[in-house]
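Visitor: This is a predicted model, with the sequence first.
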Amino acid sequence: MIKITEKPIDIQKVIDATSSLGAGAINVFVGTVRNTAHGKNVVWLEYEAYEGMAVAEIRKIMDEAHSRWPLLGAAVCHRVGTLKPGEASIAIAVSAPHRKESFEACEFILNQIKTKVPIWKKEIFEDGEEWISAHPTTSGSYN
Amino acid sequence: MIKITEKPIDIQKVIDATSSLGAGAINVFVGTVRNTAHGKNVVWLEYEAYEGMAVAEIRKIMDEAHSRWPLLGAAVCHRVGTLKPGEASIAIAVSAPHRKESFEACEFILNQIKTKVPIWKKEIFEDGEEWISAHPTTSGSYN
Amino acid sequence: MKNYLYPMKCRIKAFGITREILNGNELVIELPQGATVADLKRELFGRYPRLTRLSSLFVAVNTEYAPEDQRLTEDCEIALIPPVSGG
Amino acid sequence: MKNYLYPMKCRIKAFGITREILNGNELVIELPQGATVADLKRELFGRYPRLTRLSSLFVAVNTEYAPEDQRLTEDCEIALIPPVSGG
């Protein structure tokens, strides 16, 4: 499952998409909107995706993960649009026979998504807004 | 949240128990019953806990995790009784400001649970049964 | 071991494979006053030789892993902890 | 750059901060036939100097990251990819 959606993420569905009777381990990462960034209050976030390319890049990352670890399933759901603090922006689930590979592959997929997938985040503060990581002076993503 | 239960684990509730507006990352591990072990079909599993001590040991492990990483929440739910392949035996959720510590702390808690917490698993095969890890000749736990 | 006037009656909880070896989830056993975890294990190994084949056998006293030299009393909650396999 | 008979009309999708800098999510730009990703970026940097201040700026052609020397055609799907920040 690879999904880009404006609706709240159903984490259980992301997990279920990876289920396998051969799996002993499922690792799940949920990224959530923090209420502060750079010492300022975050009022809300805007996520924007180049959807067709984002899905294609996530597919490549998953294929790479499958080639590195003996995975049984992997699923990614990324939310776009307006998100408030506490809401989930991303859920990744990876199932595998054993725990170690589920942790490693899930962290790999997350790190690759953060560097390669065309999705952008803007933080809206009480007194301004900022596209995260856009400029050398900003401190980058926070989960 | 620390819970030992005979009922199916509600993973979303375990996640929700760790939620925090300061969290950017939640890592979740779900252990599930594999349908094979040691090359044989698993018909079902029996999990048994020394409940009072198990809760106390999990509490110590969580305290240790909180002292090593800047966590915002942690929750463990372990199921006992009869489990069929595909069902979840454990769910661990850890929330933190940043992703790296959520992965590290969740894996730490899982590994510590597997070595210290008085919970036992018996695999029931079509032609016999076995308490996992009880004897030097058995190959140990499989997630 | 020293000579004591009367023995203690200790209740031993047994879990997992030890419950099966002891054929029950609780055993009442008489031990000399001042007996330690090591004394209990020696007594049990004599009665139930299958216990000696386990990868490990710990004893918990009052829901804490107990060292071999810890002394037992009648009011302790004592449990046998064979190799754990949760998760 | 070589001289070509007529220019190409390329549609450029813009996302995130580049959408704001270009003041729109799509821009049609004329480029010489045979222009590369590098030529497009040079043209855009001239028109929108704020683009030069980004930490990075990649161009995607047909939903793939494109190298600087890749040639563009009118029927390509071209997009500007400022630093990503998903997750």
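Guide: Received the coordinates, thanks. Numbers count the residues shown, from 1 in each chain, chains lettered A, B, ... in the order given.
Visitor: Contacts only, for the closest residue to residue C:6 other than its chain neighbours.
Guide: Excluding the flanking residues, the one nearest residue C:6 by CB to CB, 6 or more residues apart in numbering or on different chains is residue C:33, at 7.1 Å. The C-beta positions use only the backbone N, C-alpha and C, and glycine is treated the same way. Listed by CB atoms under 8 Å, 6 or more residues apart in numbering or on different chains, the contact set of residue C:33 reads C:4, C:5, C:6, C:7, C:8.
Visitor: any idea where the strands of chain C begin and end?
Guide: Using DSSP state E, the strands of chain C run over C:7-14, C:26-32, C:58-61, C:64-65, C:78-81.
Visitor: mind giving me a markdown table with these and columns for distance to residue B:14 and mean neighbour count?
Guide: Below are the strands of chain C laid out as a markdown table (distance: least, CB to CB, whole Å; neighbours: other CB atoms under 10 Å in any protein chain shown):
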| stretch | distance to residue B:14 | mean neighbour count |
| --- | --- | --- |
| strand C:7-14 | 28 | 18 |
| strand C:26-32 | 32 | 14 |
| strand C:58-61 | 26 | 20 |
| strand C:64-65 | 26 | 14 |
| strand C:78-81 | 26 | 24 |
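Visitor: Please name whichever of those is nearest to residue A:48.
Guide: strand C:64-65 (53.3 Å; CB to CB).
Visitor: what packs against the closest one?
Guide: Using 3 or more CB pairs under 8 Å, 6 or more residues apart in numbering or on different chains; DSSP states H and E as the contact definition, strand C:64-65 packs against no other helix or strand.
Visitor: sorry, back to before: gap between the residue nearest to residue C:6 and residue C:73?
Guide: 9 Å (CB to CB, to the nearest Å).
Visitor: residues shared between the contacts of those two?
Guide: Contacts common to residue C:33 and residue C:73, judged by CB under 8 Å, 6+ apart, are residue C:8.
Visitor: Tell me the residues on chain A that lie near chain C, please.
Guide: By CB under 8 Å from any CB of the partner chain, the residues of chain A that approach chain C are residue A:99.
Visitor: if we can go back for a sec, is it possible to get JSON lines of the strands of chain C that adds mean pLDDT and distance to residue A:24?
Guide: Shown next, in JSON lines, are the strands of chain C (pLDDT from 0 to 100; distance: least, CB to CB, whole Å):
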{"stretch": "strand C:7-14", "mean pLDDT": "96", "distance to residue A:24": "27"}
{"stretch": "strand C:26-32", "mean pLDDT": "96", "distance to residue A:24": "32"}
{"stretch": "strand C:58-61", "mean pLDDT": "98", "distance to residue A:24": "25"}
{"stretch": "strand C:64-65", "mean pLDDT": "98", "distance to residue A:24": "27"}
{"stretch": "strand C:78-81", "mean pLDDT": "98", "distance to residue A:24": "23"}
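Visitor: Which strand or helix spans the most centrally placed residue in chain A?
Guide: For chain A, the residue nearest the mean C-alpha position is residue A:90 (3.6 Å; CA atoms, centre = their mean). Using DSSP states H and E, residue A:90 maps to strand A:88-96.
Visitor: Rounded mean pLDDT for that strand, please.
Guide: On average, the pLDDT along strand A:88-96 is 98.
Visitor: tell me the angle of the helix or strand following that strand relative to strand A:88-96?
Guide: From strand A:88-96 onward toward the C-terminus, using DSSP H and E, the following helix or strand is helix A:99-116. Computed with axes from the mean of the first three to the mean of the last three CA atoms, to 10 degrees, the direction of helix A:99-116 lies at 140 degrees from that of strand A:88-96.
Visitor: buried ones in helix A:99-116?
Guide: If you call a residue buried by 16 or more other CB atoms under 10 Å in any protein chain shown, then helix A:99-116 has these buried ones: A:99-110, A:112-114, A:116.
Visitor: with those residues in mind, which one is nearest to chain C?
Guide: residue A:99 (7.8 Å; CB to the nearest CB).
Visitor: which residues touch the closest one?
Guide: With CB under 8 Å, 6+ apart, residue A:99 has these contacts: A:24, A:25, A:27, B:29, B:31, B:107, B:110, B:143, C:87.
Visitor: got it, and residue A:15?
Guide: A:26, A:28, A:75, A:93, B:11, B:30.
Visitor: How about the last one: which residues does it bridge to?
Guide: Translated: residue B:30. Beta-bridge partners for residue B:30, by DSSP bridges, are residue A:26, residue B:91.
Visitor: was I right about it contacting residue B:90?
Guide: Yes - using CB atoms under 8 Å, residue B:30 is in contact with residue B:90, at 7.2 Å.
Visitor: how close does residue A:43 sit to chain B?
Guide: 12 Å (CB to the nearest CB, to the nearest Å).
Visitor: what does residue C:41 give?
Guide: For residue C:41, the distance to chain B - CB to the nearest CB - is 16 Å.
Visitor: list the contacts for that residue?
Guide: C:57, C:59, C:68.
Visitor: Distance of residue C:67 relative to residue B:113?
Guide: 22 Å.
Visitor: And residue C:44, by the same measure?
Guide: With CB to CB as the criterion, residue C:44 and residue B:113 are 26 Å apart.
Visitor: related to what we said a few turns ago, quickly check the contacts of residue A:99 for the two that are furthest apart.
Guide: For those, and using CB to CB, no pair is farther apart than A:24 and B:107, which are 14.6 Å apart.
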